[in-house]
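> Any chance you could fold what I've pasted below:
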Amino acid sequence: MKRIIFHIDVNSAFLSWSAVKLLEEGKEDIRLVPSVVSGDPNKRTSVVLAKSIPAKVYGINTGEPIGMALRKCPDIKIAKPDFSLYSAYSRAFMKICSEYTPVLEKFSIDECFLDMSGMERVYPDIIKTAYEIKDRIKNELGFTVNVGVGSNKLLAKMASDFEKPDRVHTLFDYEVGEKMWRLPVRDLIFLGRASVEKLERLSIKTIGELADTDIQILKATLGNKAGEQMKRFANGIDDSPVEENRRAAKSYGHSITLEEDLKDREKAYNLLLALSDASASRMRADGLKAYCVTVNIRNNKFKNTSHQQKSDSPTDVTNTVYNTAKKLFDELWDGSPLRLIGVSLSDVTAEEGSQLSMFVSGDEAESKKHKIDTAMDNIRTKYGSSKISHASTLNTRKPKKK
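Model prediction:
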């Protein structure tokens with residue numbers, strides 16, 4: 001049976017969802033002006049979570065400190081994150097998508113795969129159906145999506161990343177040479193930056209050149225497994241199924257890029273707490289818990305290292321995540337000046353239970369900590385993220401201007 005896969009991706013999800021809410025309140029459409037979603041601009045830990053298309057003109061990047069974004073564009077509009085709202089819009093657009101096929105894989109809060117294979121009798125014009133889904137989401141919910149239509153998940157996701165916003169693109173097997181091979185090799189999904197640099201040193205600049213490279217060269221450059229996989233991906237080959245019930249979604253994480261060298265351990269702990277809280281609150285908004293905590297750091301020589309710990313019991317408690325992150329950081333950091341710190345939560349699940357987390361030991365029960373975090377989330381949702389925070393983050397400062 002011929003495979004037909006849709007990948008549906010919300011355009012600038014957090015910013016779009018914030019814009020819809022602001023429009024309902026009679027305010028301007030922040031999608032049409034330079035704008036970002038970020039926390040309190042006076043806090044060093046606040047980073048850009050999403051940006052509008054006009055903001056890209058100023059060179060504003062997702063993940064950079066809000067202070068840096070303000071220096072690039074002093075008049076930029078800032079919308080505070082509202083993860084309860086984002087979760088509600090995510091469920092709403094997933095619900096529309098699920099009406100078209102019984103096999104839907106939620107890939108993250110703002111994207112999903114639909115397996116439309118064998119649905120030609122129900123939807124004779126499959127491209128018309130892709131436009132119908134796109135337009136329904138826009139008309140009923142007020143935000144736009146891109147729909148990629150392909151012969152497998154890889155090609156569908158590649159297609160959805162073509163020109164944005166509010167577009168439908170196809171990338172079938174027979175279109176790989178025309179549409180994909182001419183793209184820069186860095187555009188191949190799942191190919192990391194380090195691998196891109198290795199390939200470019202070999203003068204492999206496009207996906208087509210990667211597809212045509214001898215497999216032994218790729219194995220020697222990227223490793224046996226990665227070399228074989230990237231060779232297949234570059235040729236548009238992907239046999240992975242659309243999994244209706246995924247246990248783990250895309251990880252929930254935040255990182256902060258520092259404009260100045262960080263050498264103080266206590267300041268690093270403050271950042272870890274803020275990042276742990278931001279990641280855990282997003283996850284709680286989706287009703288999920290994580291089995292795995294990962295800490296990422298980058299020193300001033302741009303060397304990246306990471307460390308993770310898995311548990312037998314999942315958690316969504318900020319303090320539990322933070323204590324684990326702090327332990328991992330202490331094991332990871334050699335004292336070198338830092339330029340980036342990140343915390344991410346993965347291997348997530350919706351399972352319930354009253355087991356105590358095995359991440360760390362503590363005097364307070366996990367359920368009590370969960371209630372405190374939930375209360376804080378509710379206050380932030382109602383009054384704004386700046387109204388309540390963990391005491392340890394209060395002495396973090398806005399980066400110095402250079």
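> In what element of secondary structure is V295 found?
Per DSSP states H and E: V295 is located in strand 289-299.
> Pretty sure P65 sits against I256.
Yes - proximity of P65 to I256 meets the contact threshold set by C-beta atoms under 8 Å, at 6.6 Å. Using the backbone N, CA and C atoms, a C-beta is placed for each residue, glycine as well.
> for this protein, what spans make up the strands?
Taking DSSP state E as the test, the strands found in the chain are 5-10, 35-37, 50-51, 77-79, 104-108, 111-115, 145-150, 168-171, 252-262, 289-299, 304-315, 338-349.
> per-residue pLDDT, the nearest residue to K179 once chain neighbours are set aside?
Of all residues not flanking K179 in the chain, L171 sits nearest, at 5.7 Å (C-beta to C-beta, 6 or more residues apart in numbering). In this model, L171 is scored at 96, pLDDT.
> Which strand residues bridge L171?
In this entry, L171 is beta-bridged to G150, by DSSP bridges.
> Now do the same contact list for it.
Shown in contact with L171 (C-beta atoms under 8 Å, 6 or more residues apart in numbering): G148, V149, G150, S151, L155, A156, M158, A159, F162, K179, M180, G236.
> Distance to T206 for the strands of the chain - can I get that in a markdown table?
Listed next are the strands of the chain as a markdown table, based on distance: least, C-beta to C-beta, whole Å:
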| stretch | distance to T206 |
| --- | --- |
| strand 5-10 | 22 |
| strand 35-37 | 32 |
| strand 50-51 | 27 |
| strand 77-79 | 37 |
| strand 104-108 | 26 |
| strand 111-115 | 25 |
| strand 145-150 | 19 |
| strand 168-171 | 16 |
| strand 252-262 | 29 |
| strand 289-299 | 28 |
| strand 304-315 | 26 |
| strand 338-349 | 29 |
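> which stretch in those is the model least sure about?
Among the strands of the chain, strand 252-262 carries the lowest mean pLDDT, a mean of 78.
> For H307, see how far away the nearest residue to Y269 once chain neighbours are set aside is.
Distances taken as C-beta to C-beta, 6+ apart place K326 nearest to Y269, at 5.9 Å, with adjacent residues excluded. Look at K326 and H307: by C-beta to C-beta, to the nearest Å, they are 12 Å apart.
> Would you map the helices across the stretch 51-200 of the chain?
Here the stretch 51-200 of the chain has its helices, by DSSP state H, counting those that start in this stretch, at 53-56, 66-72, 83-98, 126-141, 153-160, 193-201.
> most tightly surrounded among those?
helix 153-160 (a mean of 26; mean count of other C-beta atoms under 10 Å).
> so that one versus helix 126-141, what angle?
Using axes from the mean of the first three to the mean of the last three C-alpha atoms, to 10 degrees, the direction of helix 153-160 lies 60 degrees away from that of helix 126-141.
> Against which helices or strands is helix 153-160 packed?
Other helices and strands packing on helix 153-160, by 3 or more C-beta pairs under 8 Å, 6 or more residues apart in numbering; DSSP states H and E, are strand 5-10, strand 111-115, strand 145-150, strand 168-171.
> Looking at the protein, which helix is longest?
helix 265-285 (DSSP state H).
> in it, what counts as buried?
Residues of helix 265-285 classed as buried: 267-285 (neighbour count, 16 or more other C-beta atoms under 10 Å).
> next one: stretch 170-180
So stretch 170-180, judged by 16+ other C-beta under 10 Å, has buried residues T170, L171, F172, E175, V176, K179, M180.
> got the contact list for the first one?
Each residue near T170 by C-beta under 8 Å, 6+ apart is listed here: I127, G148, V149, G150, A159.
> Kindly reformat those residues as a markdown table and extend each row with distance to K21.
Formatted as a markdown table, the contacts of T170 follow (distance: C-beta to C-beta, whole Å):
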| residue | distance to K21 |
| --- | --- |
| I127 | 32 |
| G148 | 27 |
| V149 | 30 |
| G150 | 32 |
| A159 | 29 |
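> Go through these and name the one nearest I341.
G148 (33.3 Å; C-beta to C-beta).
> Next one: that closest one from L171, what distance?
G148 is 7 Å from L171, by C-beta to C-beta.
> Give me the neighbour count for W181.
W181 has 17 neighbours, counted by other C-beta atoms under 10 Å.
> hmm, I was thinking of V149
For V149, the neighbour count with other C-beta under 10 Å is 23.
> Spatially, and excluding backbone neighbours, which residue is closest to it.
Using C-beta to C-beta, 6+ apart and skipping the chain neighbours, the partner closest in space to V149 is T170 (4.6 Å).
> any idea how far A13 is from that neighbour?
To A13, T170 is 23 Å away according to C-beta to C-beta.
> So, low pLDDT: which residues of this protein?
44-45, 245-250, 259, 351-402 (pLDDT under 70).
> Please repeat the previous calculation with a cut-off of 80.
Low-confidence segments of the chain (pLDDT under 80): 1, 39-46, 63, 120-121, 244-251, 255-260, 286, 301-302, 350-402.
> Most remote residue from the middle of it, which is it?
Farthest-out residue of the chain from its mean C-alpha position, per C-alpha atoms, centre = their mean: R121, at 35.3 Å.
> and that residue, what does it touch?
When contacts are counted by C-beta under 8 Å, 6+ apart, R121 touches no other residue.
> go on, the one 10 residues further on?
When the contact criterion is C-beta under 8 Å, 6+ apart, the partners of Y131 are V147, V168.
> Pretty sure L23 sits against G142.
Yes - between L23 and G142 there is a contact under C-beta under 8 Å: 7.1 Å.
> The helices of the stretch 51-200 of the chain: which one's closest to D166?
If you check each of those against D166 by C-beta to C-beta, helix 126-141 wins as the nearest, at 6.8 Å.
> quick one: that closest one to chain centroid distance?
Taking C-alpha atoms, centre = their mean, to the nearest Å, one finds helix 126-141 lying 24 Å from the centre of the chain it belongs to.
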